[in-house]
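Visitor: Sequence and predicted structure are below.
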Amino acid sequence: MAATPQKPAAATPRRKVSRHRGEGQWAAGHHTPLNGNEQFKKDDDGLNVRTRIETIYSKRGFDSIDPNDLRGRMRWWGLYTQRKPGIDGGKTAILEPEELDDKYFMLRVRIDGGRLTTEQLRVIGEISQEFARGTADITDRQNIQLHWIRIEDVPEIWNRLEAVGLSTTEACGDCPRVVIGSPVAGIAEDEIIDGTWAIDEIHERYIGSKEFSNLPRKFKTAISGSPLLDVVHEINDIAFVGVEHPEHGPGFDLWVGGGLSTNPKLGVRLGAWVPLAEVPEVWAGVVGIFRDWGYRRLRTRARLKFLVADWGPEKFRQVLEDDYLKRKLVDGPAPAEPSGRWRDHVGVHRQQDGRYYVGFAPRVGRVDGATLTKIAEVAEAHGSGRVRTTVEQKMIILDVEEAQVEPLVEALDALDLTAKPSPFRRGTMACTGIEFCKLAIVETKQRGSQLIDELERRIPDFDEPLTININGCPNACARIQVADIGLKGQLVVNDRGEQVEGYQVHLGGALGLEAGFGRKVRGLKVTSEELPDYVERVLKRFQEERENGERFATWAARASEEALS
């Protein structure tokens, strides 16, 4: 009798084995590009695109640009395509890059340490008027950005900038970007140490060098010896903060791993004291760690802050000392608390040499080419021809004789560049926004300017230091998480059921004294139309409920959700 066929036994499901490719760290042997950005950087260094811009693209026009150059390598020379006009914020995350691209560029002029001569400022102003439809924005990293730039004009713009000692080299891209510094380095009476030499050395040795032109992501540096802690050191990849060592004298406390965007982290101290002469070497060691050990697999984890968070400060310092510096660093003290409530240097201040510097406040960093040339003229008439930009989107004129202070202040007032701003004019900052930025969802610059006017009219007696930071998207270019009132642009539904521009609100963020991220009240979003009413309401509640001498951030941390709504 034939055997009855047996039903085959069910096969044991095979466990899917996934080969972990690591985090894309070069030092661990992971050199295979794991995303498109790493591939185009491997194919050709970003610095090499300049030759193609000068010899091909500027002659054949926008349509001749290779896509990997257009949306990748051109950033190494300060060029981003700007947003095509008329595309609303709801389409930002839906459209393909080529649908968002206009055939014009934003161009970022790199200004290390915020230092400019009036000749340089005048040249930027002239370029703005001739090639950028008069546009100019002072950024919160001391740069100046121009818009409406045609690729055909870029070589001539470079020629004019470089003729006066300026450049756009590595102003963007996965490389060491502008080194921000105290705008009153070597000038302020209360300075602990002048970091200017270190900024210049880093620029001379490493900027434009292929040693560090292919990093996992952007790398941000801050160096300041000011007791005001005036370079937002807590949110940079590396920061050197002026301190007085009890045995070795003035030097810098070393911080690493700060950054905001959608996953904010404050920098951490390594507990190391660095003398001025060693700052460039230590800087290069930290950048080298980032280049070799930074996470290149996922762009969302590619900033140094993620490596520092995983390693911790002790391991990071050990690797820096053992593998990169080949020596131990000196232990040192932490910085003292900031010596002032404002860190922007606005107003009239005495210099070391007995003269004065005068800081003034453009509206949310927005100026124009004609105004820049007028600032240069005013500075030459009343100062010595030196000006500075700050990390708060402000400017400073240096070397003003006492007899020239009041005439200078009056001249600035005539340009609507007040040296005696209200807290709202002084403390409101805004990113580029939907007008030009392809990542933005809402308008920012005009909204910020209108908000200043409304608050000055509605609460004229408000006299507390206050920061209001307005961002057009979640990426935090305007530092929303560390503002007293941070406004993150997004689309919201109004009381008529319509989808409109608005903001998620962060309250009580701070840097310096009690640094920390702002509080988000559940469900708290405001439309752009409602914004002045909302801010007025919250600030009046603060005035009513605050304790003697209490800062807004401290009040916001303890206030009820009802008071903040």
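Guide: Done, it's in. Predicted model, so just to flag it, every value in this text is computed and none were measured.

Visitor: what mean pLDDT does the helix or strand harbouring residue 544 have?
Guide: Secondary structure assignment for residue 544, by DSSP states H and E: helix 531-545. Mean pLDDT, helix 531-545: 97.

Visitor: Show the secondary-structure elements that it is packed against.
Guide: Secondary-structure packing of helix 531-545 (3 or more C-beta pairs under 8 Å, 6 or more residues apart in numbering; DSSP states H and E): helix 445-458, strand 485-493, strand 499-507, helix 552-558, helix 561-564. To be clear about C-beta, it is placed using only N, CA and C from the backbone, and glycine gets the same treatment.

Visitor: cutoff 10 Å now
Guide: helix 423-427, helix 445-458, strand 468-471, strand 485-493, strand 499-507, strand 519-527, helix 552-558, helix 561-564 (3 or more C-beta pairs under 10 Å, 6 or more residues apart in numbering; DSSP states H and E).

Visitor: Doesn't residue 244 belong to a strand?
Guide: Yes: Residue 244 sits within a strand when classified using DSSP: H, G, I helix; E, B strand; the rest coil.

Visitor: quick one: it and residue 515, what's the gap?
Guide: Here the criterion is C-beta to C-beta, to the nearest Å. By it, residue 244 lies 21 Å from residue 515.

Visitor: Likewise for residue 151?
Guide: 42 Å.

Visitor: and what of residue 260?
Guide: Taking C-beta to C-beta, one finds residue 260 at 12 Å from residue 515.

Visitor: what residue lies at the spatial centre of the protein?
Guide: Nearest to the geometric centre of the chain sits residue 141, at 4.7 Å (C-alpha atoms, centre = their mean).

Visitor: what are the ranges of the helices in the stretch 251-400 of the chain?
Guide: Per DSSP state H, counting those that start in this stretch, the stretch 251-400 of the chain carries helices over the ranges 279-293, 304-319, 369-382.

Visitor: What is the last one packed up against?
Guide: The criterion is 3+ C-beta pairs under 10 Å, 6+ apart, and the helices and strands that helix 369-382 contacts are strand 115-117, helix 118-131, strand 135-138, strand 356-360, strand 366-368, strand 386-389, strand 395-400, helix 402-414.

Visitor: Mean neighbour count, mean pLDDT and distance to residue 330 for the ones you listed - can I get that in CSV?
Guide: Output for the helices and strands packed on helix 369-382, formatted as CSV (neighbours: other C-beta atoms under 10 Å; pLDDT from 0 to 100; distance: least, C-beta to C-beta, whole Å):
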stretch, mean neighbour count, mean pLDDT, distance to residue 330
strand 115-117, 23, 98, 29
helix 118-131, 21, 98, 37
strand 135-138, 23, 98, 37
strand 356-360, 24, 98, 33
strand 366-368, 20, 97, 43
strand 386-389, 23, 98, 31
strand 395-400, 25, 98, 33
helix 402-414, 15, 98, 41
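
Visitor: Of these, which is nearest residue 252?
Guide: When these are compared by C-beta to C-beta, strand 115-117 sits nearest residue 252, at 18.7 Å.

Visitor: Tell me which strands the closest one pairs with, and in which orientation.
Guide: strand 386-389 (antiparallel) (DSSP bridges).

Visitor: still on that earlier bit, neighbour count: residue 151 and residue 515, which is higher?
Guide: Neighbours per residue (other C-beta atoms under 10 Å) separate residue 151 from residue 515, with residue 151 holding more: 24 against 19.

Visitor: rewinding a little: distance to residue 196 and mean neighbour count added to the helices and strands packed on helix 531-545, as a markdown table?
Guide: Formatted as a markdown table, these follow (distance: least, C-beta to C-beta, whole Å; neighbours: other C-beta atoms under 10 Å):
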| stretch | distance to residue 196 | mean neighbour count |
| --- | --- | --- |
| helix 423-427 | 26 | 22 |
| helix 445-458 | 31 | 18 |
| strand 468-471 | 28 | 28 |
| strand 485-493 | 32 | 23 |
| strand 499-507 | 34 | 21 |
| strand 519-527 | 38 | 15 |
| helix 552-558 | 32 | 19 |
| helix 561-564 | 42 | 14 |
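
Visitor: weakest of the ones you listed by average pLDDT?
Guide: strand 519-527 (a mean of 90).

Visitor: what residue ranges in the protein score low on pLDDT?
Guide: The chain contains residues with pLDDT under 70 at 1-21, 513.

Visitor: Show me the common contact partners of residue 260 and residue 515, please.
Guide: 232, 234-235, 266, 482, 509 (C-beta atoms under 10 Å, 6 or more residues apart in numbering).

Visitor: Which of these are buried, as a PyMOL select command?
Guide: Only the buried entries of the shared contacts of residue 260 and residue 515 go into this PyMOL selection, using 16 or more other C-beta atoms under 10 Å:
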select buried, resi 232+234+235+266+482+509
